[in-house]
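Trainee: Whatever this is, show me its structure:
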Amino acid sequence: MRWSSLCSLASTAALVSEAHSVVDKWRPETPTMLPSLASLSARAPRSRQAEQVLPVPPIPARELSSAVTEGKAVPHGGKLVSLMVADACERSALIAACEGRTIELSDRNACDVELLMVERGAGEPHAARTSPANTRTTSPHLNRPTDSSMETLKQAQANFPRLAIRAATTTATRTTTTTARATKLSAQALAARKTLASVSFGLSSSSNNVFSARSGHHQMSTNVATAAAAAADTTAVLEGKAAPHGGKLSDLMVTDEAERSALIAACEGRTIELSDRNACDVELLMVGGFSPLEGFMNQEEYESVVETMRLPSGLLFGLPVVMDTDDDSLAAGMKVLLTYNGQNLAVMEIESTYKPNKPLEAKKCYGTSSLEHPGVQMISMERGGTYIAGKIHGLELPTRVFPCKTPAEVRAMLPANADVVAFQCRNPVHKAHYELFTRALDAENVGDDGVVLVHPTCGPTQDDDIPGVVRYRTYEVLKEETADPKVNWAYLPYSMHMAGPREAIQHMIIRKNYGCTHFIIGRDMAGSKSCLDGEDFYGAYDAQDLAKANSEELGVKTVPSLNIVYTDEEGYVTADIASDKGLSIKKLSGTKFRQMLRAGEDIPEWFAFKSVVKVLRENS
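Mentor: Residues are numbered from 1 along each chain as shown. Okay, the predicted model is just below:
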């Protein structure tokens with residue numbers, strides 16, 4: 001419960017007014033009477049008529065300062081100063097100059113504002129530091145904190161909060177339960193303000209928003225048809241292909257129109273507007289990318305995956321798949337409609353709600369609880385304070401600039417009874433990458449008839465990554481330029497966590513569901529650096545080691561990423577060959593490449609494909 005009235009100017013104005021009268025009466029000659037001002041706070045009125053601006057008589061700052069400092073500790077900086085504006089005309093002018101701009105203060109902000117205006121100590125009158133200030137209006141709906149609210153704040157300090165980042169971008173048209181979610185600053189959000197104050201996070205999903213903005217009606221018939229195709233019996237695509245994780249490919253799409261309408265009606269107007277990350281998770285649940293899951297994890301599943309990297313059944317699972325909210329009205333037994341950019345993606349049957357242990361989730365899944373890690377930032381700052389569990393009923397797939405084939409569709413396009421080597425990436429493919437995944441077919445554990453599936457993630461990644469739509473365009477032109485029959489392309493609607501070793505396991509499980517038998521593990525796969533000092537969170541081979549340790553159980557073989565270098569004499573070779581032969585190695589760092597790209601300089605053809613460079617220049 002918010003208690004913004006704690007610092008309402010009505011109470012402050014009344015208190016200061018009485019303080020002024022006392023100060024005028026008791027000058028420095030009788031300073032011993034001033035401590036009685038402390039008792040005035042208990043008698044000051046707690047509210048006034050809404051929107052009433054009260055006149056505040058001035059407090060003679062110097063006289064007040066000298067009065068209260070005789071025989072008392074000297075104030076910090078030497079004197080106490082009042083920031084209250086007493087002149088009615090000046091007050092009106094200050095408010096008019098705001099031109100309607102307002103900031104609704106959080107409980108913590110309101111306390112800080114009051115202390116700036118009228119700092120108080122034990123037995124001392126109100127005073128403050130020197131800086132401009134204006135006034136707030138009072139409201140009859142504001143109350144002082146209760147014991148329960150203070151207990152809520154204490155409990156909130158034990159968890160990472162979710163700052164109300166979406167509040168500024170929530171549009172007025174979203175008259176859903178998430179409007180309140182986006183505009184409400186919870187106690188959990190308040191508890192982390194000091195923790196986060198010194199770190200520049202820039203968690204803006206808009207920079208990585210790879211989904212197309214859509215207005216007007218959407219092509220529901222097309223999406224329903226796609227869903228119907230995906231909902232077809234998957235037995236055929238499993239023949240001669242790798243078995244899905246858990247033995248069965250989940251398919252949660254509802255194709256019957258009457259059933260779809262009944263599900264939506266059962267939501268009774270309850271909706272959750274999905275974030276980009278949530279939308280990716282919902283899609284992967286609907287189409288079976290997260291098989292064997294059929295919904296968002298409950299508390300038992302969540303805790304099991306966090307602590308043991310396994311579902312309660314014992315089945316390996318790299319990272320928890322959860323739905324978050326700050327809407328306290330959602331409860332077990334309800335159905336809620338999951339919407340995204342004007343589309344009705346799914347209906348969720350709420351099985352339960354629970355409070356996650358976010359510090360433990362961060363430590364176990366990301367190997368750190370430091371807010372310098374982007375994944376820890378995401379779960380602490382972006383996700384809500386409550387997780388909701390339940391089964392998903394798919395209605396339609398998100399409409400995007402880039403098409404994402406379902407696991408059934410990808411399986412159908414892959415050859416039967418052949419090894420399929422998956423290559424995961426989140427950046428444009430340059431020539432070294434191409435050499436890497438095509439040479440992977442020569443690995444000892446890959447059959448002669450093996451093929452590659454280049455399967456980039458096009459969902460949100462890190463803030464400084466190239467946007468997904470641009471990455472998609474680079475992949476498309478490269479696919480046309482190379483036209484390699486041994487290389488297949490598909491796109492994955494997955495939100496990167498940068499969780500290093502744990503995420504490598506997650507990627508292997510997902511690619512297994514898409515029909516892959518092998519997975520290329522690069523150096524420091526899904527790794528991340530500190531946003532403050534640039535230090536790596538994981539070792540170069542941590543992901544490879546964990547993947548190898550669990551490869552046999554997962555049923556997915558690992559193919560280590562070769563260290564490919566370019567030489568003047570023989571072109572691309574492995575680093576050990578270049579060293580043995582004493583070849584001249586040419587290098588170009590990613591940072592230098594981006595600098596040359598921005599400056600319009602020529603990019604060496606040995607480093608990047610011309611078609612890819614052209615797309616990047618056009619979208620820089």
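
Trainee: So what touches the helix or strand where Thr339 lies?
Mentor: Secondary structure assigned from DSSP states H and E places Thr339 in strand 335-340. Strand 335-340 is contacted from outside by 176-177, 211, 263-264, 266-268, 270-274, 278-279, 282, 330, 344-350, 392, 398, using CB atoms under 8 Å, 6 or more residues apart in numbering. Yep, even glycine has a C-beta here, placed from its N, CA and C like the rest.

Trainee: who's in contact with the residue nearest to Asp281 when sequence neighbours are not counted?
Mentor: Spatial nearest neighbour of Asp281, excluding adjacent residues (CB to CB, 6 or more residues apart in numbering): Val321 at 5.8 Å. Contacts for Val321 (CB under 8 Å, 6+ apart) come out as Asp281, Leu285, Phe290, Leu293, Phe296, Met297.

Trainee: if we go to 6 Å?
Mentor: When contacts are counted by CB atoms under 6 Å, 6 or more residues apart in numbering, Val321 is found next to Asp281, Phe290, Met297.

Trainee: what about the strands in the stretch 501-620 of the chain?
Mentor: Using DSSP state E, counting those that start in this stretch, the strands of the stretch 501-620 of the chain run over 518-521, 557-560, 564-567, 571-574, 585-586.

Trainee: What is the shortest one packed up against?
Mentor: With contacts defined as 3 or more CB pairs under 6 Å, 6 or more residues apart in numbering; DSSP states H and E, the secondary structure elements packing on strand 585-586 are strand 564-567.

Trainee: packing partners for the strand it packs on?
Mentor: By 3+ CB pairs under 6 Å, 6+ apart, strand 564-567 packs against helix 431-439, strand 571-574, helix 575-581, strand 585-586.

Trainee: Model confidence for Ser620, exactly?
Mentor: Residue-level confidence at Ser620 comes out at 75, pLDDT.

Trainee: quick one on the thing from earlier: could you pick out the buried ones from the contacts of strand 335-340?
Mentor: 176-177, 211, 263-264, 267, 270-274, 278-279, 282, 330, 344-350, 392, 398 (16 or more other CB atoms under 10 Å).

Trainee: quick one: which of those residues sit in strands?
Mentor: Thr271, Ile272, Glu273, Asn344, Leu345, Ala346, Val347, Met348, Glu349, Ile350, Ile392 (DSSP state E).

Trainee: and those as CSV, adding distance to Glu90?
Mentor: What follows is those, written out as CSV (distance: CB to CB, whole Å):
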residue, distance to Glu90
Thr271, 46
Ile272, 46
Glu273, 43
Asn344, 53
Leu345, 53
Ala346, 56
Val347, 56
Met348, 54
Glu349, 58
Ile350, 53
Ile392, 58
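
Trainee: and the two most separated of these?
Mentor: Glu273 and Glu349 (18.5 Å; CB to CB).

Trainee: Do me a favour and average the pLDDT over stretch 82-101.
Mentor: pLDDT averaged over stretch 82-101 gives 89.

Trainee: tell me which residues of it are tucked away?
Mentor: Ser82, Leu83, Met84, Val85, Ala86, Arg91.

Trainee: next one: stretch 318-330
Mentor: Quick answer for stretch 318-330 (16+ other CB under 10 Å): Gly318, Leu319, Pro320, Val321, Val322, Met323, Asp324, Thr325, Asp326, Asp327, Leu330.

Trainee: ok, those residues vs Gln595, which is closest?
Mentor: Distances from Gln595 to these, taken by CB to CB, are shortest for Leu319, at 34.2 Å.
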